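Chemist: model this:
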Amino acid sequence: MTEELRCAQDVADLVDKWGFLPFFANDIEGFSIEEHCPKDLWFADDVDGPWEWKAPAAELCGGMYGKLFRGRAGYVSRLWLPHFANFRRDGYDFDSRVDEGIAPQKDEYVYSTICEEGRVTSRRLKQLCGYCKGGNKGFETVITRLQMQTYVCVSDFVYEKDKQGKPYGWGVAEYATAELALGEDRVRGAYGFKPQKSFELMFEHLKNILPHANDAQIQKLLGVK
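Modeler: Numbering: from 1, shown residues only. The predicted structure follows:
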């Protein structure tokens, strides 16, 4: 794997090529943005780097971005998103999880708030759900779990702007349901498959492009418990 990433389009192209792309280095050597982006672009003052590419790359490839791999950030391509969501949801829409009593109450409250708001920054979401200082605890656990289950994704990053209208600082994540951000047909396109079949298709694909990875590493990446 000798890819070099120097712009958002490079990231989007690699997401399309591999189907799955973690942001940070992981158990599978060479399978991350971190390992393929030159170090001089990570915190450059005069040029955008991987932190700034996150939302544009997701838009360019039409895939999902969020905490999708063992609670850490990454992308899933438009092509593989339906099977990824089908497997991660294990046959349940979020409402079905609520009806079956398997969705934690905190998850239900955060998810319903996102649905009501449409698109909402993490800062605003914390305020609405009572996760401000001295309030509820465990927001990151809840929002990460909803992303890992593919019910919620990062739809954009919102930046403060200077007097010239130029964005600066660290972007604040904006959340939306996957269906709103990416389209119901796209997200639910593999609902006709059994979740296990979706897993098998993804597993075989990753085995083909990652011959140096063992079965356990691929299963871990895909979220097998």
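
Chemist: chain center to stretch 125-135, what's the gap?
Modeler: Computed by Cα atoms, centre = their mean, to the nearest Å, the chain-centroid distance of stretch 125-135 equals 23 Å.

Chemist: Return the set of buried residues in that stretch.
Modeler: By neighbour count with 16 or more other Cβ atoms under 10 Å, stretch 125-135 contains the buried residues Leu125, Lys126, Leu128, Cys129, Tyr131. All C-beta atoms are positioned from the backbone trio N, CA, C, and that covers glycine.

Chemist: do stretch 170-186 as well
Modeler: Neighbour-count burial for stretch 170-186 flags Gly171, Ala173, Glu174, Tyr175, Ala176, Thr177, Ala178, Glu179, Leu180, Ala181, Leu182, Arg186 (criterion: 16+ other Cβ under 10 Å).

Chemist: And for stretch 52-64?
Modeler: Glu52, Trp53, Lys54, Ala55, Pro56, Ala57, Ala58, Leu60, Cys61, Gly62, Gly63, Met64.

Chemist: Which members of these are positioned in helices?
Modeler: Glu52, Trp53, Lys54, Ala55, Pro56, Ala57, Ala58, Leu60, Cys61 (DSSP state H).

Chemist: Which of the residues you listed lies at the shortest distance from Ala190?
Modeler: Of all those, Cys61 has the smallest distance to Ala190: 18.0 Å, by Cβ to Cβ.

Chemist: can you redo the buried residues of stretch 125-135 as a markdown table with distance to Lys197, secondary structure and pLDDT?
Modeler: Output for the buried residues of stretch 125-135, formatted as a markdown table (distance: Cβ to Cβ, whole Å; DSSP: H, G, I helix; E, B strand; the rest coil; pLDDT from 0 to 100):
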| residue | distance to Lys197 | secondary structure | pLDDT |
| --- | --- | --- | --- |
| Leu125 | 34 | helix | 97 |
| Lys126 | 38 | helix | 96 |
| Leu128 | 38 | helix | 97 |
| Cys129 | 36 | coil | 97 |
| Tyr131 | 38 | coil | 95 |
